[in-house]
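Engineer: Give me a model of this one.
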Amino acid sequence: LHPLQSAADTRGAHQLIAELKAWLGLLVGLPAVTLHPAAGAHGELTGMMVIKAALAARGEKRRYVLVPDSAHGTNPATAVTCGFEVVPIASTAEGLVDMHAFQQALATYGREIAAFMLTNPNTCGLFETNITTIAAQLHQLGAYLYGDGANFNAIVGRYRPGDLGIDVMQFNLHKTFSTPHGGGGPGCGPVAVRAELAKFLPDSGQPESIGRIKAFHGQFGMMVRALAYILSHGT
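Structural biologist: Numbers count the residues shown, from 1 in each chain. Have a look, this model is predicted:
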């Protein structure tokens, strides 16, 4: 916002941001949302930083992140940027996560696994039908299921990823909520998390926050368009 704008305008902007966060949390099924990231990949980085901070708060420094071999390249790149080692998980001939390979990785790496980064529908365009089993087995080991929301537009309004066991998820206003790609400036890649992870978000205001990842929020014009689009469709 321009510094000369009125206090009323500022309140209006904050109200819009709060309303958009509430809608996004409702649609994803995860109650805490940040709009700080400037893009999807930036949201990925934010989400994995949240997971790393949550593990550190538990006194754990886990080493590995599982990533399907069909994943977008930003998934392994994000994990490595956050200091993790990537364990690729093979896909079946049909293009889904090979559950034998997944369970073998769990048996091999156990409580050294920080998270599994899963896109659903995946990069092959297929819905990962074993997602609830994957989530349950990760959670038994104290690991997190990270949801890459690159294809959230395929299922938004049909099911809520948080209901299936996803703990952290990044998505894009431009891919799912009809905003321009970039919007004439930085984009907006929201991140939604479970309630217990909210304190680690960049704008939580809590001591455990991972801190600012950029100045201000993602592109505000995209937020206005996304909210208008959501309100025109409802849940």
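Engineer: Which strands or helices does whichever strand or helix holds Leu24 pack on?
Structural biologist: Using DSSP states H and E, Leu24 falls within helix 7-28. Judged by 3 or more Cβ pairs under 8 Å, 6 or more residues apart in numbering; DSSP states H and E, helix 7-28 is in contact with strand 32-34, strand 191-193, helix 220-233. To be clear about C-beta, it is placed using only N, CA and C from the backbone, and glycine gets the same treatment.
Engineer: Please identify the buried residues of that helix?
Structural biologist: Residues of helix 7-28 classed as buried: Ala13, Ile17, Leu20, Lys21, Trp23, Leu24, Gly25, Leu26, Leu27, Val28 (neighbour count, 16 or more other Cβ atoms under 10 Å).
Engineer: Please apply the same query to stretch 223-234.
Structural biologist: Buried, per 16+ other Cβ under 10 Å, within stretch 223-234: Met223, Val224, Arg225, Ala226, Leu227, Ile230.
Engineer: Contact partners for the last one?
Structural biologist: Contact analysis of Ile230 by Cβ atoms under 8 Å, 6 or more residues apart in numbering lists Leu20, Trp23, Leu27, Phe177.
Engineer: Report the two of these separated the most.
Structural biologist: Leu20 and Leu27 (10.7 Å; Cβ to Cβ).
Engineer: Just the helices from this protein, written as ranges.
Structural biologist: Applying DSSP state H to the chain gives helices spanning 7-28, 40-57, 74-81, 99-109, 131-140, 173-176, 220-233.
Engineer: Name the nearest of the buried residues of helix 7-28 relative to Asn153.
Structural biologist: Scanning the buried residues of helix 7-28 for proximity to Asn153, where the rule is Cβ to Cβ, the winner is Leu27, at 11.1 Å.
Engineer: so what's the closest one up against?
Structural biologist: Val156, Gly157, Arg160, Ile230, Thr235.
Engineer: Would you list the phi and psi of the second one?
Structural biologist: Comment: the main-chain dihedrals of Gly157 come out as phi 90, psi -10, following degrees, to the nearest 10.
Engineer: Got the confidence number for the closest residue to it other than its chain neighbours?
Structural biologist: Spatial nearest neighbour of Gly157, excluding adjacent residues (Cβ to Cβ, 6 or more residues apart in numbering): Thr235 at 6.4 Å. pLDDT, Thr235: 80.
Engineer: And Thr235, how far from Ile113?
Structural biologist: 34 Å (Cβ to Cβ, to the nearest Å).
Engineer: Of these two, give the one with the bigger neighbour count.
Structural biologist: Ile113 (22 against 9; other Cβ atoms under 10 Å).
Engineer: what pairs with that one across the strands?
Structural biologist: When bridges are called by DSSP bridges, Ile113 pairs up with Tyr64.
Engineer: pLDDT on stretch 127-143, on average?
Structural biologist: 98.
Engineer: Now do the buried residues in that stretch.
Structural biologist: Across stretch 127-143, burial judged by 16+ other Cβ under 10 Å covers Glu128, Ile131, Ile134, Ala135, Gln137, Leu138, Ala143.
Engineer: how many other residues sit next to Val86?
Structural biologist: Number of residues near Val86 (other Cβ under 10 Å) recorded here: 17.
Engineer: Could you do Asn151 as well?
Structural biologist: Per other Cβ under 10 Å, the neighbour tally for Asn151 reads 21.
Engineer: what do you get for Gly40?
Structural biologist: 24.
Engineer: swap in Pro121?
Structural biologist: Other residues close to Pro121 by other Cβ under 10 Å number 15.
Engineer: I am finished for the moment; much appreciated.
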